[in-house]
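# 3D model of this:
(one chain, ligands or ions: 1)
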Amino acid sequence: MTAPEGNPAAGGWSEPRATALLVLADGTVLEGFGLGATGEAPGEVCFNTAMTGYQEILTDPSYAGQIVTFTFPHIGNVGVNDDDTETVNAAAASGVRGVVLHAAITEPSNWRSHRHFDAWLKARNIVGICGVDTRALTALIRDNGMPNALLAHSPDGVFDIPRLQREAAGLPDMAGLDLVPLVTSAQRFDWDETPWVWPVGYGKRDGAAHKVVAIDYGVKRNILRLLSKAGCDVTVVPSTASAEEILALKPDGIFLSNGPGDPAATGEYAVPVIKELLDKKVPTFGICLGHQMMALAVGGQTMKMKQGHHGANHPVQDKTTGKVEIVSMNHGFAVDPASLPSHAVETHISLFDGSNSGFALTDRPAFSVQHHPEASPGPQDSHYLFKRFVEMMDKEKAKTAA
Ligand SMILES: NC(=O)CC[C@H](N)C(=O)O
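Sure, this is the predicted structure:
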């Protein structure tokens, strides 16, 4: 345990007392200092290598059921603001369960900051720990995979360690977990009557708007923003919407969102709907979980990754153009490219490990990517994919008009 400088909870350098523990499923206990909400948070521990964007990461509903370890040591020092939250659905306020930091949170120093990061974590009920050797924890995840853990924060420093170890060992595996119900919207939002409708005129192209139905498996705000900016009228429907309900909205295109958990666990309700929509040849674009579910819908398979991809500087190659893009990634499952049928052509690959990062159908207007083209970790290399989706809808519309 490293006593973080300036942390009042540390009790000075001489006798720091742990006020938080990260208890891994194998019984390993990492001691540190509590921050954010108090209490106990169960989850799968992953690491994220991004140096910026902690607010976007911690409000991305795809992290539901997970505890995020930041490899970057200083997190929280630019505070939090009201604009960068990725959660759209208020009910999904605490997708992520916990946060593991190296250094203590400092006073915010940024002109955009509205709030102290620690107060924000508390308000969103996210349990946190700092003072952890996050390099060692990351190396452990790299070598052994993402472990389940209980993150306990108790300001009085009293912990029942054997119970925490027992409970951590008994947590369910992420593989097989459908976490979409935790984060999806509860009902369909009518285009004209919902605050989710992006204001008319917000970055829209003149005329020629496409009506896009976005299926919300835990959608990120910036995806809706960029769809809107690319010229789409967006209606958000819950993950349980039927193909019939969706088709009744007469969409020019379908968007399949990102989301948490195991894509294969959504096979009962989401995948058959996607299959039906694809069979109707409605132009379709999927991101991350949406990409994985689209692969399942065409008969492909997904698999659990060992350490997953969570970061903001992953190189991906667009095989259709040869171009390399620097992208944000956040996934613990991946599409097995060998399982894809012959009418699904791999379009993108991760240059870190060669894993699949996108495919397109050759017999239907549909494509999807594993990475996050909406994210802007500095580079905005993948924003062109929204344009590609709009051009696909333009083409399909021209076909039906002809
Ligand atoms: N960002 C996402 O949509 C994540 C997809 C899926 N839950 C995974 O971990 O692979």
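# from the chain's centroid, how far away is stretch 285-295?
Put simply, stretch 285-295 sits 12 Å off its chain's centre (C-alpha atoms, centre = their mean, to the nearest Å).
# just stretch 242-255 next, same as before
Computed by C-alpha atoms, centre = their mean, the separation of stretch 242-255 from the middle of its chain amounts to 24 Å.
# can you tell me what sits against that stretch?
For stretch 242-255, the surrounding residues in contact (C-beta atoms under 8 Å, 6 or more residues apart in numbering) are 188, 210-215, 223, 227, 232, 234-235, 237, 273, 276-277, 280, 282-287, 290, 389, 392-393, 396-397. Just so you know, the C-beta spots here come from the backbone N, C-alpha and C atoms, and that holds for glycine as well.
# in helices, which of those residues appear?
Cross-referencing the contacts of stretch 242-255 against helices under DSSP state H gives 223, 227, 273, 276-277, 290, 389, 392-393, 396-397.
# buried ones among those?
Buried residues within those, counting neighbours by 16 or more other C-beta atoms under 10 Å: 223, 227, 273, 276-277, 290, 389, 392-393, 396.
# dump these into JSON lines; add pLDDT and distance to L35 as well.
Below are these laid out as JSON lines (pLDDT from 0 to 100; distance: C-beta to C-beta, whole Å):
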{"residue": "I223", "pLDDT": "90", "distance to L35": "30"}
{"residue": "L227", "pLDDT": "86", "distance to L35": "35"}
{"residue": "V273", "pLDDT": "97", "distance to L35": "41"}
{"residue": "E276", "pLDDT": "97", "distance to L35": "46"}
{"residue": "L277", "pLDDT": "98", "distance to L35": "43"}
{"residue": "G290", "pLDDT": "98", "distance to L35": "33"}
{"residue": "F389", "pLDDT": "94", "distance to L35": "40"}
{"residue": "M392", "pLDDT": "95", "distance to L35": "45"}
{"residue": "M393", "pLDDT": "94", "distance to L35": "45"}
{"residue": "E396", "pLDDT": "93", "distance to L35": "50"}
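# P379: neighbour count?
The tally of other residues near P379 (other C-beta atoms under 10 Å) stands at 14.
# shift numbering so it begins at 23
Taking 23 as the first residue, the last one we looked at is P401.
# excluding residues flanking it in the chain, which one is nearest it?
Excluding its sequence neighbours, the residue lying closest to P401 (C-beta to C-beta, 6 or more residues apart in numbering) is I348, at 4.5 Å.
# tally of neighbours for the one you found?
Counted with other C-beta under 10 Å, I348 comes out at 17.
# tell me what it is bridged to.
Taking DSSP bridges as the rule, I348 bridges to P337.
# try the one 10 residues further on
Each beta-bridge partner of D358 is listed here: Q323, as defined by DSSP bridges.
# doesn't T324 make contact with it?
Yes. Contact between D358 and T324 holds when scored by C-beta atoms under 8 Å: they sit 6.7 Å apart.
# looking at the two, which is more packed in?
Higher neighbour count among D358 and T324: T324, with 23 against 13, using other C-beta under 10 Å.
# closest to the ligand among the ones in helices among the contacts of stretch 264-277?
Closest approach between these and the ligand, by C-beta to the nearest ligand atom: G312, at 7.1 Å.
# identify the residues contacting the closest one.
G312 makes contact with 237, 239, 277-281, 390, according to C-beta under 8 Å, 6+ apart.
# these in strands, which ones?
Members of the contacts of G312 lying in strands (criterion: DSSP state E): 237, 277-278, 390.
# contacts for the least confident helix or strand in the chain by mean pLDDT?
Using mean pLDDT, DSSP states H and E, the weakest-scoring helix or strand in the chain turns out to be helix 243-251, at a mean of 84. Helix 243-251 has contacts (C-beta under 8 Å, 6+ apart) with 78, 107-110, 218, 220, 224-226, 234, 236, 256, 258, 277, 279-280, 309, 395-398, 405, 408, 411.
# is any residue of that helix near the ligand?
No. Helix 243-251 lies apart from the ligand when judged by C-beta under 6 Å from any ligand atom; the minimum separation is 10.4 Å.
# how about the CA coordinates for that helix, as CSV?
Extracted in CSV, the C-alpha atoms of helix 243-251 (Å, rounded to 0.1, in the frame of the first residue of the first chain):
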residue,chain,number,x,y,z
ARG,A,243,-24.6,10.1,-25.6
ASN,A,244,-21.9,11.0,-28.2
ILE,A,245,-23.2,8.3,-30.5
LEU,A,246,-26.6,9.9,-30.6
ARG,A,247,-25.0,13.3,-31.0
LEU,A,248,-22.8,12.2,-33.9
LEU,A,249,-25.7,10.4,-35.6
SER,A,250,-27.7,13.6,-35.3
LYS,A,251,-24.8,15.6,-36.6
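# so how far is that helix from its chain's centroid?
15 Å.
# same check, this time on stretch 202-213
16 Å.
# say whether the ligand is contacted by it.
No. Judged by C-beta under 6 Å from any ligand atom, stretch 202-213 and the ligand are separated, with a smallest distance of 8.9 Å.
# what about the nearest residue to D274 once chain neighbours are set aside, distance to I276?
The shortest distance from D274 to any non-neighbouring residue, by C-beta to C-beta, 6+ apart, is to H232 (4.0 Å). Separation of H232 from I276 (C-beta to C-beta, to the nearest Å) stands at 11 Å.
# A174 now?
As judged by C-beta to C-beta, A174 and I276 stand 42 Å apart.
# within range of the ligand, give me the residues from the stretch 73-222 of the chain.
Near the ligand, when you scan the stretch 73-222 of the chain using C-beta under 6 Å from any ligand atom, you find S84.
# closest point of the stretch 73-222 of the chain to the ligand, which residue?
S84 (3.2 Å).
# can you tell me the SS state at that residue?
Of the three states, S84 takes helix under DSSP: H, G, I helix; E, B strand; the rest coil.
# model confidence for it, exactly?
On pLDDT, S84 comes in at 96.
# how about P399?
The score at P399 is 67. That number is its pLDDT.
# what does Q77 give?
pLDDT at Q77 comes out at 94.
# and the protein, what are its domains?
Per automatic domain parsing, the structural domains of the chain span 30-191, 202-423.
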